[in-house]
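A.B. asks: Turn this into a structure:
(2 chains)
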Number of protein chains: 2
Amino acid sequence: MRQSKLFTKTLREASSDETASNAQLLIRGGFAYKNSAGIYTMLPLGWRVIQNIARIIREEMDAIGGQELYMPALVERRYLDATNRWDVEIGFEACGKADKKAAFALGWTHEEVVTEIASKYISSYKDMPFAAYQIQTKFRNEARAKSGLLRGREFLMKDLYSFHASQEDFERYYQAVRGAYEKIFTRCGLKAIYTVAAGGAFTAAHTHEFQVISPVGEDTIFICGSCAYAENSEIAKLASGAICPQCGGTVHEEKSIEVGNIFPLGVKYTEAFNVTYLDEKGSKHPVIMGSYGIGIGRVMATIVEVSHDDKGIRWPKNIAPFNVHMIELLPKDEAKRAAVRSAAETLYADLTRAGISVLYDEREGLSAGEKFADCDLIGIPVRLVISEKTIAQDSVEVKYRVKDSADLVKRADIVAHCAR
Amino acid sequence: MRQSKLFTKTLREASSDETASNAQLLIRGGFAYKNSAGIYTMLPLGWRVIQNIARIIREEMDAIGGQELYMPALVERRYLDATNRWDVEIGFEACGKADKKAAFALGWTHEEVVTEIASKYISSYKDMPFAAYQIQTKFRNEARAKSGLLRGREFLMKDLYSFHASQEDFERYYQAVRGAYEKIFTRCGLKAIYTVAAGGAFTAAHTHEFQVISPVGEDTIFICGSCAYAENSEIAKLASGAICPQCGGTVHEEKSIEVGNIFPLGVKYTEAFNVTYLDEKGSKHPVIMGSYGIGIGRVMATIVEVSHDDKGIRWPKNIAPFNVHMIELLPKDEAKRAAVRSAAETLYADLTRAGISVLYDEREGLSAGEKFADCDLIGIPVRLVISEKTIAQDSVEVKYRVKDSADLVKRADIVAHCAR
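C.D. replies: Sure thing, here's the model as predicted:
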């Protein structure tokens, strides 16, 4: 894309009420726009990032047999009355402008809705297992909104729900989801720690969270220095402050951001919606469920928190809005200008043809310093510079966002170089 | 995809309160689930259809320079107070569960939000033109919900907004959008008629609708039999019932479904949000806007209305949830069963490898008649049957959903045949 066509521009300052680095950088870089407290528009650059995260999630959900659907945001009261969740304080409620009767919650999670749908299609053990997921907007009326995009009141979430005829089958799938989540976070450039958490109201079993260590995290986890064991502060409290990794290793405490969670739901929702199946002998049983969430906006914000410097964002390769940021520096001399422009246009076409997405900074009237500052703020992993100087050496300057030094690469080699 | 894994099944009947063919067929086929009046879940088959429509729309929007973003559903009251639209009866309002103060509308359109965003990035004539679009959930509290998915209270919509420094530039872009819309509807298999409509409150100019002729349409349009001119009943009423095509041709009246619309907005929103630009001489002017909508769920429902028979849906090629529906008919004899299964598995792998998406009906215990009935209801354009009989002739039976007769095609040729 030609940067002069991008309707957003970088800003020197985000709004003064944003203290979180993620919101500061995402707003300044033109990724997000703050509409209201905890409510953001994803601008074109941010939407490309979100789509990259969503693509990775879809691939890994499909790989474990997840079937994508799309449930409504308006959740009729009867759904939540069935599980006594209508009055949960985190919710928003909605009513028609004319009648003013609160008939709907805005879905903050969809266990009730998906369970009712499943009830229409499950009668026999042969109808399971299956898993359905969506990438859809969720609404939670969070009181504190100081964490920028880490904690929105409206945000995109991937929520997966699985249905099983036996506890063993559920546990097998739970591990499959754990594996898929580990792949997702790794592909997103995040080191997420599988953490034991308390079961909450639904189940006696533990649940699990995926936590990314960050000083701005609102959670606290305890990690064993020797083995892979980690648990959240809620669990540690239950165990009277003592964490007990089996390996006997020493434990340290970290602030962390919860980027995903997986829950055994047992039969709480299927009993509420009377979802049963007949086994091979014709006996009736309630269906066993799990639910599995990833906050997509939060993943984006977490990446920014753990991967930025004082100049801007440093997007991981798979997540970046473009593969390459190509900067053209035009000299004053007319003929030389034309040569640089022509070389840049040729390279832009070559890269695009090779399937490499390029943000091409062909804006006129900006200094090299201004262009470089924008480039560092936006944070695309690879910066290419074409100038009179690089052309004189039949080369392009290549600089990685995570490195301080730049190299010259021959023009003939640059497409192959970027395709790596 | 293996049909035994698809968690939905076809149903004999949709809910009795659904009278519209689109809802009947989409619910029976496992495309949609009705959660509440006018509120539907898109099940995996339906979501694939929606994604196909969305992909076509994205391609055509990108081709005319549209930049995709994603705005919030929660539209804070200040936005709508600025244009006196807070009390519009079509809306839903939302409040926090705890405070019960209606601080938000659920976006039924996003002119106000996108205009405020644009105001941050427009200062000079050089910052325009640009156009931004989203594919996002809209909320309208429609009283009458008898038209199934043609008129939802919650639905996916593509809304594009364009910003211009001059009326001429706006008009150029308006025609570009018209062209893009014509391509979109053609690719979706719809014959949409460009129809002159009244301007409404925003502008003295006419607006335009894209109307698909259907007896279940809620609109009435007047079409000239000789030239391409069409206008809606509102315009005809303004002209005292007389339609005046310049060609002098005779006019007939049709019921129709509005699948898209394009609006000149003039400066209504930019004045409300004080969005101005400086021209080349340094004089300040308000920015000129257009908005352009397509209801994605409505496009799906319209396709079903105009393309079905008494057996089920007939999806156009580009829109179908899968390219091919492959049915395996297993004989009783063990060895022959294995041969049919093996041939079907091989073909499934070959088709998939060739990039042809396949719904593979490998369900056991169903009769040929039951499988064919499901296939006709689901409506994928190409049906392949592999049976003892077809294998004996080293062939696969090919039947198109829109034809009554079937043909045998040699197994060696079937992938190429389906790729056409």
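A.B. asks: A:Ala230 pairs with what?
C.D. replies: Beta-bridge pairing of A:Ala230 under DSSP bridges involves A:Ile223.
A.B. asks: Can you show me the strands along the stretch 201-350 of chain A?
C.D. replies: In the stretch 201-350 of chain A, strands defined by DSSP state E, counting those that start in this stretch lie at A:207-213, A:219-224, A:230-232, A:251-266, A:276-278, A:284-286, A:288-295, A:308-309, A:312-313, A:324-328, listed in chain order.
A.B. asks: Near chain B, which residues of the stretch 101-250 of chain A are found?
C.D. replies: Contact residues (Cβ under 8 Å from any Cβ of the partner chain) of the stretch 101-250 of chain A with chain B: A:104-106, A:113, A:116-118, A:120-121, A:127, A:130, A:132, A:137, A:139, A:141, A:153-154, A:156, A:163. From N, CA and C alone the C-beta is placed, and that goes for glycine too.
A.B. asks: And stretch A:45-59, what's buried?
C.D. replies: Using 16 or more other Cβ atoms under 10 Å in any protein chain shown as the test for burial, stretch A:45-59 gives A:45-54, A:56-58.
A.B. asks: I'd like those residues written out as a markdown table, with distance to chain B added.
C.D. replies: Shown next, in a markdown table, are the buried residues of stretch A:45-59 (distance: Cβ to the nearest Cβ, whole Å):
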| residue | distance to chain B |
| --- | --- |
| A:Leu45 | 9 |
| A:Gly46 | 8 |
| A:Trp47 | 5 |
| A:Arg48 | 8 |
| A:Val49 | 11 |
| A:Ile50 | 7 |
| A:Gln51 | 8 |
| A:Asn52 | 13 |
| A:Ile53 | 13 |
| A:Ala54 | 11 |
| A:Ile56 | 17 |
| A:Ile57 | 15 |
| A:Arg58 | 10 |
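A.B. asks: can you put the strands of the stretch 201-350 of chain A in JSON lines and add distance to B:Ala180?
C.D. replies: Formatted as JSON lines, these follow (distance: least, Cβ to Cβ, whole Å):
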{"stretch": "strand A:207-213", "distance to B:Ala180": "41"}
{"stretch": "strand A:219-224", "distance to B:Ala180": "46"}
{"stretch": "strand A:230-232", "distance to B:Ala180": "50"}
{"stretch": "strand A:251-266", "distance to B:Ala180": "38"}
{"stretch": "strand A:276-278", "distance to B:Ala180": "48"}
{"stretch": "strand A:284-286", "distance to B:Ala180": "51"}
{"stretch": "strand A:288-295", "distance to B:Ala180": "34"}
{"stretch": "strand A:308-309", "distance to B:Ala180": "38"}
{"stretch": "strand A:312-313", "distance to B:Ala180": "33"}
{"stretch": "strand A:324-328", "distance to B:Ala180": "28"}
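A.B. asks: Narrow the residues of the stretch 101-250 of chain A next to chain B to those in strands?
C.D. replies: Counted as lying in strands by DSSP state E, out of those, are A:Phe104, A:Ala105, A:Leu106, A:Phe130, A:Ala132, A:Thr137, A:Phe139, A:Glu154, A:Leu156, A:Phe163.
A.B. asks: Tell me the pLDDT of the fourth one.
C.D. replies: In the prediction, the pLDDT value recorded for A:Phe130 is 98.
A.B. asks: got a list of what the closest residue to it other than its chain neighbours touches?
C.D. replies: Closest residue to A:Phe130 apart from its sequence neighbours, by Cβ to Cβ, 6 or more residues apart in numbering or on different chains: B:Phe7 at 4.0 Å. Residues near B:Phe7 by Cβ atoms under 8 Å, 6 or more residues apart in numbering or on different chains: A:Gln67, A:Ala118, A:Tyr121, A:Asp127, A:Phe130, A:Ala132, A:Phe163, B:Pro44.
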